[in-house]
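*Asks:* What follows is a predicted structure for the sequence shown.
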Amino acid sequence: MARYTRIAGSIALITLKNPPVNALSAAVRQGITDSVGRALSDPEVEAVVLCGEDGKFCGGADIKEFARPMTGPGLVPMIDAIEAGEKPVVAAIEGVALGGGLELALACHYRIAHYKARLGLPEVTLGLIPAAGGTQRLPRLIGVPAALDLITTGRHVSAHEALKLGIVDRVTDRNTLELAVEFAKSVSGQPLAPRRLSTRQPSCPTDLDSFLEGAMLRVRQRARGAIAPVACVQAVRAAATLPFSQGMEQEKELMASLFTSAQARAMQYCFFSQRTVGRWSMPSGARWDNSKAQPIHKAAVIGLGTMGRGIAVSLVQAGIPVVAVEMETKQLEVAKHAVTSILEREAQKRGKEPKLGLIHFSIDLQDLREVDLVIEAVFEDMALKKQVFRELSSVCRPNAFLCTNTSSLDVNQLAAATRMPELVVGMHFFAPAHVMKLLEVVYGPRSSPVAVATAMQLGKRLGKVSVAVGNCHGFVGNRMLMPYMEQSVFLLEEGATPEQVDQALEEFGFPMGVFRVSDLSGLDVGWKVRKGLGLTGPGVAPGESARIRQGRRYCPLPDLLCKQGRLGQKTGKGWYLYDKPGGRVAKSDPWLHNFLEEYRSQHGLQAHPVSQQEVLERCLYSLINEGFRILEDGIAAGPEDIDTIYVFGYGWPPHRGGPMFHAGAVGLPTVLEKLEHYSQAHPDIPQLQPSSLLRRLVTAGSPPIHKWREVVKTVHSQL
Ligand SMILES: C[C@H](O)[C@H](C)C(=O)SCCNC(=O)CCNC(=O)[C@H](O)C(C)(C)COP(=O)([O-])OP(=O)([O-])OC[C@H]1O[C@@H](n2cnc3c(N)ncnc32)[C@H](O)[C@@H]1OP(=O)([O-])[O-]
């Protein structure tokens, strides 16, 4: 709803009231419509101020209403009435003005923002476009190029950038409402026509057509099959080329084409999943709302390789004092230089101070005596990590949290090496750690709920999307990646090429196919993991066949490439060829195609044409199947956790919702049938055997994804 009050004699104050973000629900729209009507018809009212309760202006349309028929007054007529009114309306923006919230402010004649406010039109991140005049009014206020950037990216801008762009008229660190009331009094009676954005002409680049064509090309490349960004460009083109009313018609039609689309449903599922994973729970019954996080005043990072440096940067950027430890002075100096330059570069980009004073570099473990939490990021070797945890346990305060950034090793074994195993959890960051949003918080059987709560809260403080997961090899993300990568190399044995497999995955929406990612991260990373698992190298039992390991099918192709020094970009060749070591542009490599043919004939393998569909089904369904096993094992609490991990950490296209959402969208019976088909065709690949949870869900009539947790619960209760 909206509250109407008269203040300062002649000012009508309309306050949006719909916690927590004053979203424009039907009741709020009705409240605003009634209040604006009242203010405009009250002769004693000279001007109007619009604000939101609890320090938040408005988080936009009520996304929770999208799944049901719309009721109450429409957003567009409500907004048009404000702009057309004969009394000045001033928006007092605190906290956020996003989506419909900014569109509401754009209909006001003036906008005052608090310096901490964030503004934006993030509809594209929900698979939509701004549909309450945003695509038509914003270009008329700030010009076509700047508006196009905000609308196609959905990024939030700070109040200061909004002032620079011309979105707001004032930015204040005072009480925004007080200033807005003063301002409203100062502008009452002044002509409003020039303040009505719908009447303005948008400023456009001289060669508008080529500008928009270039923008469309960039957006299509970035969108990778997402339809909303393309519609955003089309809507802004309408603003640049059509009268306001016709532009609004276009905006309406484009929104109608998106609103009920599968992509919009997938992206809104991602939005709510991101909130669901914040309400974490553990099989022990510990939960986000019954476990108290401990404050972290000072942290430490030990091991300053690529990951350690990124983690140290994230902590400093969040304003947390850090002790950064390396074993030797030489390595410490190299790391110090790297961390300092990242902090300076990032600070410059944000127009902020690099906070170099917050980080202390040391080779002395004694400097960790006073820290609240340590994140270990040394080389991925169990013996080395155990040694480090033993030393940390003896040096650090007894109640210090000891966290490991391992990407696959057993957190419980590390906990066992310490005095306080209940204070040990995994904090699995993704490279580059100061950029990637995902954080897997890994709890072992002895990890205390306080330790999990503290790591989850620290993740939020670092601006990460944190997901609490159980301890197993590869946790959630990497565990699901194994069958996905295995299928990709099996397909090479059967006749596919890296280019074909990558093209199928990139057309599905991944930024990079599995072989280009492998070349980027280095083939030796996987080689080391396979050696650790005894699948190749010294751990292989003598006489074991090259293509059967531990009783199941194995493909030695990646090992053979590693043995020939083809480690990917870093050596200039891997699955692809690069112009030089460190090169980034992947080119097809005739040598590799010949090598594949020789390999097939050497192992008596008959190549057959592999379709795009088979690539997607084998790679994605085996990954999804492992996801179901993870839910069975209770390693992830629900499908939302898995999908959030894959969207924020593994490049799964958000307009496809995530692996588990995709399975639901394709239809669980189809996924089951395909897995059964491929499992029968490949009995030596146990991962293709459908998981019992998948069968159970199909038997239960394939309930919608938000109901899967209940089925999972029954599975566990019967365990
Ligand atoms: C016509 C028009 O053109 C179109 C069509 C539109 O306008 S489409 C809509 C466009 N607007 C958006 O895209 C903004 C979406 N929201 C956000 O980006 C963030 O929420 C936030 C505003 C920056 C606050 O972040 P936060 O970290 O402080 O809290 P939170 O945990 O995220 O959110 C706190 C609680 O509020 C809920 N919530 C947030 N925004 C909401 C919204 N717009 N509608 C409904 N619920 C919302 C959220 O689900 C959570 O609920 P619960 O989980 O507790 O039950």
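*Replies:* Perfect, I can see it now.
*Asks:* Going by C-alpha atoms from here, please, whenever you check contacts or count neighbours.
*Replies:* Will do.
*Asks:* Do whatever helix or strand residue 50 lives in and the ligand come into contact?
*Replies:* Assigned by DSSP states H and E, residue 50 belongs to strand 47-52. No - counting by C-alpha under 6 Å from any ligand atom, the ligand has no neighbours in strand 47-52; the shortest distance is 12.3 Å.
*Asks:* Paired strands for that strand, with orientation please.
*Replies:* strand 11-16 (parallel), strand 89-93 (parallel) (DSSP bridges).
*Asks:* Pick the most buried one from those strands.
*Replies:* strand 89-93 (a mean of 30; mean count of other C-alpha atoms under 10 Å).
*Asks:* Against which helices or strands is whatever helix or strand comes next after that one packed?
*Replies:* Sequence-wise, the next helix or strand downstream of strand 89-93 (DSSP H and E) is strand 96-98. Counting contacts by 3 or more C-alpha pairs under 8 Å, 6 or more residues apart in numbering; DSSP states H and E, strand 96-98 is packed against strand 118-120.
*Asks:* contacting residues around the strand it packs on?
*Replies:* 95-99, 102, 150-151, 154-159, 162 (C-alpha atoms under 8 Å, 6 or more residues apart in numbering).
*Asks:* where does the stretch 251-400 of the chain come near the ligand, residue by residue?
*Replies:* Contact residues, the stretch 251-400 of the chain versus the ligand (C-alpha under 6 Å from any ligand atom): 272, 275.
*Asks:* can I get the strands paired with strand 47-52 in CSV with distance to residue 523 and mean pLDDT?
*Replies:* Formatted as CSV, those follow (distance: least, C-alpha to C-alpha, whole Å; pLDDT from 0 to 100):
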stretch, distance to residue 523, mean pLDDT
strand 11-16, 55, 98
strand 89-93, 51, 98
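*Asks:* State the helix or strand in which the closest residue to the ligand within the stretch 551-700 of the chain lies.
*Replies:* In the stretch 551-700 of the chain, the residue that lies nearest the ligand is residue 640 (12.8 Å; C-alpha to the nearest ligand atom). Assigned by DSSP H and E, residue 640 belongs to helix 639-649.
*Asks:* who touches that helix?
*Replies:* The contact list for helix 639-649 (C-alpha under 8 Å, 6+ apart) reads 270, 273-274, 276-277, 430, 436-438, 440, 465, 467-468, 476-477, 627, 631, 636, 652-654, 657-661, 705, 708-709.
*Asks:* can you list the weak-confidence ranges in the protein?
*Replies:* Residues of the chain meeting the criterion pLDDT under 70: 715-719.
*Asks:* For residue 323, what are phi and psi?
*Replies:* phi -100, psi 120 (degrees, to the nearest 10).
*Asks:* Neighbours of it, how many?
*Replies:* Neighbourhood size, residue 323 [other C-alpha atoms under 10 Å]: 24.
*Asks:* that older thread, tilt between the helix or strand following the helix holding residue 640 and helix 639-649?
*Replies:* The element immediately downstream of helix 639-649 (helix or strand, assigned by DSSP H and E) is helix 659-666. Following axes from the mean of the first three to the mean of the last three C-alpha atoms, to 10 degrees, one obtains 110 degrees for the angle between helix 659-666 and helix 639-649.
*Asks:* Show me what whatever helix or strand comes next after helix 659-666 is packed against.
*Replies:* Next helix or strand after helix 659-666 toward the C-terminus (DSSP H and E): helix 668-681. Applying 3+ C-alpha pairs under 8 Å, 6+ apart, one finds that helix 668-681 makes contact with helix 612-632, helix 692-699.
*Asks:* Buried ones among the contacts of helix 639-649?
*Replies:* Using 16 or more other C-alpha atoms under 10 Å as the burial test, those include 270, 273-274, 277, 430, 436-438, 440, 465, 467-468, 476-477, 627, 631, 636, 652-654, 657-661, 705, 708 as buried.
*Asks:* contacting residues for residue 279?
*Replies:* Residue 279 is in contact with 287, 288, 289, counting by C-alpha under 8 Å, 6+ apart.
*Asks:* Adding secondary structure and neighbour count, write these out as TSV.
*Replies:* Shown next, in TSV, are those (DSSP: H, G, I helix; E, B strand; the rest coil; neighbours: other C-alpha atoms under 10 Å):
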residue	secondary structure	neighbour count
287	strand	17
288	coil	19
289	coil	10
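*Asks:* Of all the helices and strands packed on helix 668-681, which one is nearest residue 505?
*Replies:* Among these, helix 612-632 comes nearest to residue 505, with 6.8 Å by C-alpha to C-alpha.
*Asks:* tell me what the closest one is packed against?
*Replies:* Judged by 3+ C-alpha pairs under 8 Å, 6+ apart, helix 612-632 is in contact with helix 477-493, helix 498-508, helix 659-666, helix 668-681, helix 692-699, helix 708-718.
*Asks:* could the ones you listed go into JSON lines alongside distance to residue 118?
*Replies:* Shown next, in JSON lines, are those (distance: least, C-alpha to C-alpha, whole Å):
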{"stretch": "helix 477-493", "distance to residue 118": "32"}
{"stretch": "helix 498-508", "distance to residue 118": "33"}
{"stretch": "helix 659-666", "distance to residue 118": "30"}
{"stretch": "helix 668-681", "distance to residue 118": "40"}
{"stretch": "helix 692-699", "distance to residue 118": "42"}
{"stretch": "helix 708-718", "distance to residue 118": "35"}
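*Asks:* if we can go back for a sec, considering the contacts of strand 118-120, which is situated nearest to residue 383?
*Replies:* For the contacts of strand 118-120, the residue nearest residue 383 by C-alpha to C-alpha is residue 155; the value is 44.0 Å.
*Asks:* tally of neighbours for that closest one?
*Replies:* As a burial measure, residue 155 scores 18 neighbours (other C-alpha under 10 Å).
*Asks:* mind listing what it touches?
*Replies:* 120, 121, 122.
*Asks:* can you redo these as CSV with neighbour count and distance to residue 106?
*Replies:* As requested, the contacts of residue 155 are exported to CSV (neighbours: other C-alpha atoms under 10 Å; distance: C-alpha to C-alpha, whole Å):
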residue, neighbour count, distance to residue 106
120, 26, 11
121, 28, 11
122, 22, 15
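*Asks:* can you list these in CSV and add distance to residue 671?
*Replies:* What follows is those, written out as CSV (distance: C-alpha to C-alpha, whole Å):
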residue, distance to residue 671
120, 39
121, 36
122, 33
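*Asks:* contact partners of the helix or strand residue 347 falls within?
*Replies:* Assigned by DSSP H and E, residue 347 belongs to helix 329-350. For helix 329-350, the surrounding residues in contact (C-alpha under 8 Å, 6+ apart) are 304-305, 309-310, 312-313, 317, 325-326, 353-356, 361-363.
*Asks:* Quick check on those residues: which are buried?
*Replies:* Among the contacts of helix 329-350, those that count as buried by neighbour count (16+ other C-alpha under 10 Å) are 304-305, 309-310, 312-313, 317, 325-326, 354-356, 361-363.
*Asks:* So which of those residues belong to strands?
*Replies:* Among the buried ones among the contacts of helix 329-350, the members found in strands (DSSP state E) are 325, 361, 362.
*Asks:* and which of the contacts of residue 155 is nearest to the ligand?
*Replies:* The shortest approach to the ligand among the contacts of residue 155 belongs to residue 122, at 4.9 Å (C-alpha to the nearest ligand atom).
*Asks:* Would you mind giving the domain segments of this structure?
*Replies:* Per automatic domain parsing, the structural domains of the chain span 2-259, 288-469, 495-602, 612-634+637-711.
*Asks:* how long is the longest one end to end?
*Replies:* What that stands for is domain 2-259. Domain 2-259 has its terminal residues 26 Å apart, counting by C-alpha to C-alpha, to the nearest Å.
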